[in-house]
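Visitor: everything below, folded, please.
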Amino acid sequence: MASSAASSHMNALQSKHAGLEARLRDEMARPAPDTAAVQAIKREKLRLKEEIARA
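Guide: Just a heads-up that it's a prediction; the model follows:
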């Protein structure tokens, strides 16, 4: 059962990471990307990537 919960948690993390990647692409595609938003998204992506690596 724990394995299933861990797998579900990993899937949720990967889904969030993919969502952040999409938000980053959208922001970068704007004529004048908001650099603060870009940095915040990148920080959150890195945090999730580190959490995925630990799992």
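Visitor: top helix in the chain by residue count?
Guide: Residue-count comparison of every helix in the chain, with assignments taken from DSSP state H, identifies helix 2-29 as the longest.
Visitor: elements contacting that one?
Guide: If you count contacts as 3 or more Cβ pairs under 8 Å, 6 or more residues apart in numbering; DSSP states H and E, helix 2-29 packs onto helix 35-54. Any C-beta I mention is one placed from the backbone N, CA and C, and that applies to glycine too.
Visitor: okay, the angle between the helix it packs on and helix 2-29?
Guide: Interaxial angle of helix 35-54 relative to helix 2-29 (axes from the mean of the first three to the mean of the last three Cα atoms, to 10 degrees): 160 degrees.
Visitor: rounded mean pLDDT for helix 35-54, please.
Guide: Helix 35-54 shows a mean pLDDT of 95 in the predicted model.
Visitor: now that helix - C-alpha only, PDB.
Guide: Only the C-alpha atoms of helix 35-54 are listed here, as PDB (Å, rounded to 0.1, in the frame of the first residue of the first chain):
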ATOM      1  CA  THR A  35      11.200  38.300 -15.000                       C
ATOM      2  CA  ALA A  36      10.000  38.000 -11.400                       C
ATOM      3  CA  ALA A  37       7.400  35.400 -12.400                       C
ATOM      4  CA  VAL A  38       9.900  33.500 -14.500                       C
ATOM      5  CA  GLN A  39      12.300  33.300 -11.600                       C
ATOM      6  CA  ALA A  40       9.500  32.200  -9.200                       C
ATOM      7  CA  ILE A  41       8.400  29.500 -11.600                       C
ATOM      8  CA  LYS A  42      12.000  28.300 -12.100                       C
ATOM      9  CA  ARG A  43      12.600  28.200  -8.300                       C
ATOM     10  CA  GLU A  44       9.400  26.100  -7.800                       C
ATOM     11  CA  LYS A  45      10.400  23.800 -10.600                       C
ATOM     12  CA  LEU A  46      13.800  23.300  -9.000                       C
ATOM     13  CA  ARG A  47      12.200  22.600  -5.600                       C
ATOM     14  CA  LEU A  48       9.900  20.000  -7.200                       C
ATOM     15  CA  LYS A  49      12.800  18.400  -9.100                       C
ATOM     16  CA  GLU A  50      14.800  18.000  -5.900                       C
ATOM     17  CA  GLU A  51      11.800  16.500  -4.100                       C
ATOM     18  CA  ILE A  52      11.300  14.100  -7.000                       C
ATOM     19  CA  ALA A  53      15.000  13.100  -6.800                       C
ATOM     20  CA  ARG A  54      14.600  12.400  -3.100                       C
END
